[in-house]
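Enquirer: Quick one, structure for this:
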Amino acid sequence: MYLAHSKNARGETQALADHLQNVATLAGQFASAFGAAEQGRLAGLLHDLGKYGDLFQRRLRGEVAGVDHWSAGAWVAVRELRDLAVAVVVHGHHLGLQSLDPDFLRGMDPGKLARTHPLGLRPSETRADLLLSRLAEDGLAPERGQAPQLYGEQLRATASGMLDVRMLYSALVDADLLDTGAHFEPAEGAAPGEELPLRPELALRVLMDCIAMLSAGSKAADAVNQVRADLLHACLAAALGPQGLWTLSAPTGAGKTLSMLAFALRHAQEHCLRRVVVVIPYLTIIEQTARIYRDVFRETFTTGYLREHHSLAGTREEERPEAGSDLDGDNRAHRKPRSLADNWDAPVIITTSVQFLESLFSNRPSACRKLHRLARSVVLFDEVQTIPDHLAVPTLATLSWLSERYRATVVFATATQPAFPHFDEAVRKIGDSGWGPREMASPDMRLFDRVCRAQVTWPDLDSSTSWTEVAAELAQTRQALCIVNIKRHARDLFLLLHDIGAGGILHLSAAMCPAHRRAVLRLARRRLNRGLPCHLVSTQCVEAGVDIDFPVVYRALGPLEAVAQAAGRCNRNGRSPSGRVKVFLPEPDGQRLYPSGAYEQATDVTRMLLREHGPCGMGTNKPGLFEEYYRRFYSLVRSEDKRPELRKAIIRQDFAEVARLYCVIEQDAINVLVPYRRDVYKALAEEACEKGLSANWIRRAQPYAISVFRPKDGSPLWGWLGRVPVARRACSEEWFIYTNPADYKRMLGLDEPSVLMA
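Expert: Model prediction:
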């Protein structure tokens, strides 16, 4: 009997025939969601074909090492079956997707690999006919020519063609990881591949009851409540429309969070869709949205109904092949990192835009294993203006194909809708469909005109304001929010307010962990509701989607959409005749004023518009102004011409290079457990040191962790970072423990210079 895996903790081996059959069944089941069941099954049968080789069986007995067991099945798919999609996903199920270059495909030949292998390995067997005969003896031989060629022998050299391959790859690697995990770490409960149903009809009924209860107890002005009711009605009506691309353009405070969920559930009910995925740019909004949705569903559904995937660390730090390493699932050092990767099998997923978008362009097993779950889903992008302009064209091309080919309805929701249809022609050049979404909220509803709740005053661009002056003005106001552009400014302004004795001063930034930020926002809301002094100094993390209502808001000059989002935190519920928003120009201090170059360029476009239109022409409730703003910005930064090397890699179908070049956050990030709550910190740190990472540990640690840019080599910050081990390798979410508790301050979070400069 040929074995797939060695003994588990119970002393049981796994027969290769059983593993191939299990993976083929699961991969076929997963790929059936997009009409590729036969190719999924074929990939499952061939992915470990090389394990029928005698050399690999010796490897399981510990007699040899460094064996390539994946190239044989990939070569059979190329040479015998002419199925390039199956070939490349089988080849990459451990190494990661590589390339569809003809020379690379020819290089899968085990005979050539026996002479020269790029990783210094030995093929388990060079005779494909011998491996196929052993597969046939186990009753698993593929029916040649019977599998429908969903993608064809010549895959399209587009972003769409790459998504096709990744979706099939996702079905295979998730099936392989689930079955391998079930062998080595068997768990009671659902069998691998089973998932909870969305049950959209029941979920919508529960949601509508919740909305009715919230509306009855709302303290917002009648005009605001009416706008929220009208938006909900528009979303429910749009949900009966066709699947595809949608936008939801509505002012801040109009109830988008619940209205777009109502759209998703009714739309899922109408079109028999499987799940809802909510994509959010900032952890602050994820925490708020997850809390709202959990409150809605807590009493009706189990805890597994909704899952949060918090990491901002992206998908780039994953297991990487090394010379002489065969990356086999029997090796816990290679198996464990992948088993920690979330496969999004819950009915409702809430995740970050970094995690979602980089996974769509990744080539790694851990990042890609969840992609097949997106077929027949509703994907809700909240605050979509945060999608980086330099990635807009490939992102839109891939999302458009996800919608058209994989029956995923994609919604872009924001109060400041980017002019993405401007890229339609550029999208068609690298994709198989364009970008022409429908709008849910008709302009005839006049939503923006009906909720003008604050008066914005703009600065004299020839006169700047010192931080001392800003602090003095804030101190004279009983309740005020001040939003600045970088963490260093937030810290310095907070300390100035403290020095002059301002009352009720609070600080909010990404230097604070989610649990800490939640506590600050709760305290701020409590002080606001009780009429107590409250001065909150924050970075941009408070302005997009955070439900908080100040009578006065100060905003450092920044991108136009940021100013509009800041205005959305002022008189949010319309309980005053008008709120006051003051935009000010910070005094230069010889250091960096903006978090990134693109952010600074967007601020420059805001300056240009202010000089041209004057303060009277800068109404943040005018959608037409944002159309002009985004078109100017795209023209200034030449968005369509950015990243030519990424476009060329897409045309070459070079998966590894595309994954390297597609970065939502340019600078790599890491997750750091911080000592906000010392008891929790101590328990988690001790567990991590004893047992290493686990999926459960990550979920419990997320509320007490921050994401920071990876320090440069030689940075003193490395002296305070202890890596959390996963056997001998890192996983897709690199985790560290901050080891100097004195640096984490009760009011400021991680008050360390290297972090503040990030």
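
Enquirer: C-alpha only now, for contacts and for neighbours.
Expert: Fine.

Enquirer: Give me the number of neighbouring residues for Ser466.
Expert: Residue neighbour count, defined by other Cα atoms under 10 Å, stands at 13 for Ser466.

Enquirer: Which pLDDT value goes with the residue nearest to it when sequence neighbours are not counted?
Expert: Once flanking residues are discounted, Ser466 sits nearest to Glu587: 5.0 Å by Cα to Cα, 6 or more residues apart in numbering. pLDDT for Glu587: 91.

Enquirer: show me what contacts Arg373?
Expert: 30, 343-345 (Cα atoms under 8 Å, 6 or more residues apart in numbering).

Enquirer: again but with Pro197, I slipped
Expert: Contact partners of Pro197, counting by Cα under 8 Å, 6+ apart, are 274, 347.

Enquirer: picking that back up, so which of the contacts of Arg373 is the most crowded?
Expert: Counting neighbours by other Cα under 10 Å, the top entry in those is Phe30, with 26 neighbours.

Enquirer: pretty sure that one contacts Leu371?
Expert: No - judged on Cα atoms under 8 Å, Phe30 makes no contact with Leu371 at a distance of 10.2 Å.

Enquirer: who touches stretch 533-544?
Expert: With contact meaning Cα under 8 Å, 6+ apart, stretch 533-544 is reached by 282, 284-285, 383, 474-475, 478-487, 490, 493-494, 502-510, 524, 527-528, 562, 565-566, 568-569.

Enquirer: let's see it at 7 Å
Expert: 282, 284, 383, 478-487, 490, 494, 503-509, 524, 527-528, 565-566, 569 (Cα atoms under 7 Å, 6 or more residues apart in numbering).

Enquirer: ditto for stretch 48-64
Expert: 2-4, 6, 65, 67, 69-70, 72-73, 124-125, 131, 134.

Enquirer: 6 Å instead?
Expert: 65, 69-70, 72-73, 124-125, 131 (Cα atoms under 6 Å, 6 or more residues apart in numbering).

Enquirer: now the stretch 601-750 of the chain, which segments are flagged as low pLDDT?
Expert: 666-667, 727-733 (pLDDT under 70).

Enquirer: Same check on the stretch 201-350 of the chain?
Expert: Checking the stretch 201-350 of the chain against pLDDT under 70 turns up 283-284, 310-341.

Enquirer: residue ranges of the strands in it, please?
Expert: 245-249, 275-280, 306-309, 348-352 (DSSP state E, counting those that start in this stretch).

Enquirer: Can you add mean neighbour count and distance to Leu536 and give these back as TSV?
Expert: As requested, those are exported to TSV (neighbours: other Cα atoms under 10 Å; distance: least, Cα to Cα, whole Å):
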stretch	mean neighbour count	distance to Leu536
strand 245-249	22	28
strand 275-280	26	23
strand 306-309	20	27
strand 348-352	23	25
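
Enquirer: Next, the nearest residue to Leu245 once chain neighbours are set aside: phi, psi?
Expert: Distance criterion Cα to Cα, 6+ apart; nearest residue to Leu245, sequence neighbours excluded, is Pro437 at 4.5 Å. When quoted as degrees, to the nearest 10, the phi and psi of Pro437 stand at phi -70, psi 160.

Enquirer: separation between Pro437 and Leu248?
Expert: 10 Å (Cα to Cα, to the nearest Å).

Enquirer: Out of the contacts of Arg373, which sit inside helices?
Expert: Judged by DSSP state H, helices contain the following of those: Phe30.

Enquirer: Turn the contacts of Arg373 into a markdown table, including distance to Leu214.
Expert: Shown next, in a markdown table, are the contacts of Arg373 (distance: Cα to Cα, whole Å):
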| residue | distance to Leu214 |
| --- | --- |
| Phe30 | 39 |
| Asn343 | 33 |
| Trp344 | 30 |
| Asp345 | 30 |
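
Enquirer: Which one of the contacts of Arg373 is nearest to Tyr554?
Expert: Distance to Tyr554, by Cα to Cα, is smallest for Trp344 among these, at 39.4 Å.

Enquirer: ok, the closest one - contacts?
Expert: So Trp344 contacts Lys370 (Cα under 6 Å, 6+ apart).

Enquirer: Same question for the one 3 residues further on.
Expert: When the contact criterion is Cα under 6 Å, 6+ apart, the partners of Pro347 are 198, 275, 305.

Enquirer: go with 10 Å
Expert: 195-200, 274-277, 304-307, 373, 377 (Cα atoms under 10 Å, 6 or more residues apart in numbering).

Enquirer: Wait, Leu273 touches Ala375, no?
Expert: Yes - here Leu273 lies in contact with Ala375, judged by Cα atoms under 10 Å, at a distance of 8.5 Å.

Enquirer: hang on, the earlier thing: overlap in contacts of Pro437 and Leu248?
Expert: 411-412.

Enquirer: what are the ranges of the strands in the stretch 551-700 of the chain?
Expert: 552-556, 579-584, 669-673.

Enquirer: Right, I'll call it a day here.
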